[in-house]
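[1] Quick one, what's the 3D model for this:
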Amino acid sequence: MTATRPTAPTRKYARLAPSIWAEIVAQWETGEFTLEQLSHQHGVTVRGIQMHLAKNKVTKGSQAKVVASKVMARVYEETLPDVDATVQRAIDTRETAYRNAVAIENMIIERLEGAAADPGTTFAAASAIKMLGIAAAALERLHGLKRAALGLNDDSLIDDDLPTLQIQDLSAEEITEMHRNQHEDDPDPGAFAAVDNEVLVVD
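    Numbers count the residues shown, from 1 in each chain. Prediction:
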């Protein structure tokens, strides 16, 4: 009796839809997928994918730059701030910093005047002024953080119209000489103000 040889299992080949092949091609062109990954994802043999890619002359990563440029364009679109909103925030930051500076200045002056009127409160006034100095430093750091977050720097146009104050110690003779050199026919009393031998010069 002749023995019957076992029949080898018939391999089944699935025909993929054109849309699936288009997806495989697109994924391969991005350069982000391996043949094994595509095979596992779409249920196609590695050899089958290789043959299809070779037949259609598809190169791995050929669209990587295009994809990257589209991604970057979307990122910029999503992350770039609105110009008007940024300008308004910069103005608000500047105004808030000014109001805080004026408030702390007024409190310091109030403590100094109180100590002058009542020398017994000098120690308390000194402690209060020290705390106000710490508060001013903290506000300055917060203001700097806001400016950094808004992308502002020391060369920002928003500060171009701010005057620069310079403090100089001048002797009585130098102050007298400065007065003498001023033109009598065109006085400029706002150019400087002498206070206890200190002159604030506005550029």
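
[2] what comes into contact with stretch 40-53?
    With contact meaning Cβ atoms under 8 Å, 6 or more residues apart in numbering, stretch 40-53 is reached by 14, 16, 20-21, 23-25, 28, 35-36, 38-39, 58. Backbone N, C-alpha and C define where each C-beta goes, glycine included.

[3] which ones among those are found in helices?
    In helices, defined here by DSSP state H, the members of those are 20-21, 23-25, 28, 35-36, 38-39.

[4] coming back round to it: would you list the contacts of stretch 40-53 in TSV and tack on neighbour count, distance to residue 92 and pLDDT?
    As requested, the contacts of stretch 40-53 are exported to TSV (neighbours: other Cβ atoms under 10 Å; distance: Cβ to Cβ, whole Å; pLDDT from 0 to 100):
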residue	neighbour count	distance to residue 92	pLDDT
14	10	63	61
16	17	59	81
20	15	54	88
21	16	56	90
23	15	49	90
24	23	53	90
25	17	52	89
28	23	51	90
35	18	56	92
36	10	55	93
38	19	53	91
39	18	57	91
58	16	54	87
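
[5] Including distance to residue 132, could these go into a markdown table?
    A markdown table is the format used below for the contacts of stretch 40-53 (distance: Cβ to Cβ, whole Å):
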| residue | distance to residue 132 |
| --- | --- |
| 14 | 79 |
| 16 | 75 |
| 20 | 71 |
| 21 | 73 |
| 23 | 66 |
| 24 | 69 |
| 25 | 69 |
| 28 | 67 |
| 35 | 70 |
| 36 | 68 |
| 38 | 68 |
| 39 | 71 |
| 58 | 71 |
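
[6] Pull out the buried positions in the longest helix seen in the chain.
    Looking across the chain with DSSP H, the single longest helix is helix 83-117. Of the residues in helix 83-117, 89-90, 93-94, 97, 100, 104, 107-108, 111, 115 count as buried by neighbour count, 16 or more other Cβ atoms under 10 Å.

[7] So which of those is the closest to residue 122?
    Residue 122 has its nearest neighbour among these in residue 115, at 4.6 Å by Cβ to Cβ.

[8] Please report how far that closest one lies from residue 32.
    From residue 115 across to residue 32, the span is 71 Å (Cβ to Cβ, to the nearest Å).

[9] In contact with residue 32, which residues?
    Neighbour list for residue 32: residue 64 [criterion: Cβ under 8 Å, 6+ apart].

[10] Checking it next. Helix, strand or coil?
    coil (DSSP: H, G, I helix; E, B strand; the rest coil).

[11] do residue 138 as well
    With three-state DSSP as the basis, residue 138 sits in helix.

[12] Do you know the pLDDT at it?
    pLDDT recorded at residue 138 is 88.
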